[in-house]
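Undergrad: Sequence first, predicted model second:
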Amino acid sequence: MKLLEVERLNRSFGGQVALHDISFNVGKGDRLGIIGRSGAGKSTLLRCLSGLDRPQSGRILLEGEDMAVLPEARLVLLRRRIGLVFQHFNLLTSRTVAANVALPLEIARVPKAQRHKRVAELLDLVGLADHAGKYPAMLSGGQKQRVGIARALAAQPALLLCDEATSALDPETTEAILALLADINRVLGLTIVFITHEMDVVRRLAQQVLVLEKGRIVARGTPADILDANQLDAILPPNLSQTPHDGSHAIVRLTVTAQAMLAPLLQMLEQQCQAKLTLLQTLPAREEEGLVDLVVQMDGLAVSTMNALQAHACAAEVIGYVPAYS
Ligand SMILES: Nc1ncnc2c1ncn2[C@@H]1O[C@H](COP(=O)(O)OP(=O)(O)OP(=O)(O)O)[C@@H](O)[C@H]1O
């Protein structure tokens, strides 16, 4: 059984479809990023996953219990299995850092001594052991988000849902908060589902990505799959066609080892293939695998040239063709 199973979720507001037939699973310890433009349905999906909103149809199974139809009293208990981290932290300004973190434990009626012990552990975990008695107004944005994360972890949730957790933070602080979330995932084995509109956040934190557009999942895969496709879209000529015409140039994606990049690779390939190659873009998304994707334009294309390319690169794939004057 997966930790979270979402099946054919639909949510509309009046005639406006916010989520259409959304299905996906999240395993224990996974980190899933959900991206999409403004209005794509990210917040609506997160509200459904957190039990704050109910879909018109579909199932949301958390540890096997369907949040979509659970009676309110049972849903309140199930919601304790979910920690929420918000963009604007949502701290209580009149409570100290420690009292903010303790809040979910008070609600769950955890005895005082146990509460104090747990709050100290959590503040230690998020690097705020020295700030327990401070008030939110005395903290930086990054520190406030650390309090938010500690509070979300207080009741030992099975699932952490992050709603644009770093969108209000500067790049350096974003980096530190993402590192903290990655640590928490690794050390506690906690499952994280997060929404963001920042590609970089996805690249750093997600193992799997869903792309939402107009309430539908339009792509899913690893960050490398998704970001590659997006980067390609951005650089490919608009007049790309799928069939060659007289004298058209081929646009080819070559996958080469990072090692091979050290040599004057294109020159060598040009000699081997007897064809002119122009480098359009290097896609760095697969560096961790020791591979680099290059997008090149090739004048003319013969089977023998493709064979020669394939022999010298790890893979060569024709993406499309452009007219010779491009
Ligand atoms: N309470 C609501 N009442 C009416 N329409 C809503 C409501 N909540 C969301 N919608 C509509 O549902 C669609 C999806 O909105 P949602 O807020 O989920 O998108 P989003 O991807 O989170 O956007 P953003 O990044 O701007 O927050 C939009 O068309 C929005 O106007």
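TA: Yep, it's here.
Undergrad: Enumerate every residue touching Gln297.
TA: With contacts defined as CB atoms under 8 Å, 6 or more residues apart in numbering, Gln297 is in contact with 249-252, 277-278, 280, 322, 326. (Each C-beta comes from the backbone N, C-alpha and C, glycine too.)
Undergrad: Just the buried ones from those, in ChimeraX syntax?
TA: In ChimeraX, this line selects whichever of the contacts of Gln297 come out buried by 16 or more other CB atoms under 10 Å:
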select :249,250,251,252,277,280,322
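Undergrad: now the helices for the stretch 151-300 of the chain?
TA: For the stretch 151-300 of the chain, the helices defined by DSSP state H, counting those that start in this stretch cover 171-188, 199-205, 223-235, 265-273.
Undergrad: Columns mean pLDDT and distance to Leu291 on top of those helices, output as TSV?
TA: Shown next, in TSV, are the helices of the stretch 151-300 of the chain (pLDDT from 0 to 100; distance: least, CB to CB, whole Å):
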stretch	mean pLDDT	distance to Leu291
helix 171-188	93	23
helix 199-205	84	16
helix 223-235	69	10
helix 265-273	78	13
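Undergrad: Nearest to the ligand among those would be which one?
TA: Of all the helices of the stretch 151-300 of the chain, it is helix 199-205 that lies closest to the ligand, at 13.2 Å by CB to the nearest ligand atom.
Undergrad: okay, now the closest residue to Arg80 other than its chain neighbours: neighbour count?
TA: Spatial nearest neighbour of Arg80, excluding adjacent residues (CB to CB, 6 or more residues apart in numbering): Ala155 at 5.1 Å. Ala155 has 18 neighbouring residues, counting by other CB atoms under 10 Å.
Undergrad: what's near enough to touch the residue nearest to Ser140 when sequence neighbours are not counted?
TA: For Ser140, ignoring the flanking residues on the chain, the nearest one in space by CB to CB, 6+ apart is Thr173 at 7.4 Å. By CB under 8 Å, 6+ apart, the residues touching Thr173 are 140-142, 145, 166.
Undergrad: Next: Glu106.
TA: Arg115.
Undergrad: doesn't it fall inside a strand?
TA: No. Under DSSP: H, G, I helix; E, B strand; the rest coil, Glu106 sits outside any strand and is assigned helix.
Undergrad: So for it, what pLDDT did the model give?
TA: Per-residue confidence (pLDDT) for Glu106: 95.
Undergrad: State the distance from Gly142 to the ligand.
TA: Applying CB to the nearest ligand atom, to the nearest Å, the value for Gly142 to the ligand is 22 Å.
Undergrad: Quick check: that residue touching Ile177?
TA: Yes. Between Gly142 and Ile177 there is a contact at 6.3 Å, judged by CB atoms under 8 Å.
Undergrad: If Thr257 is in a bridge, with which residues?
TA: Applying DSSP bridges to Thr257 gives these bridge partners: Leu291.
Undergrad: just checking, it touches Leu294?
TA: No. Between Thr257 and Leu294 there is no contact under CB under 8 Å: 11.5 Å.
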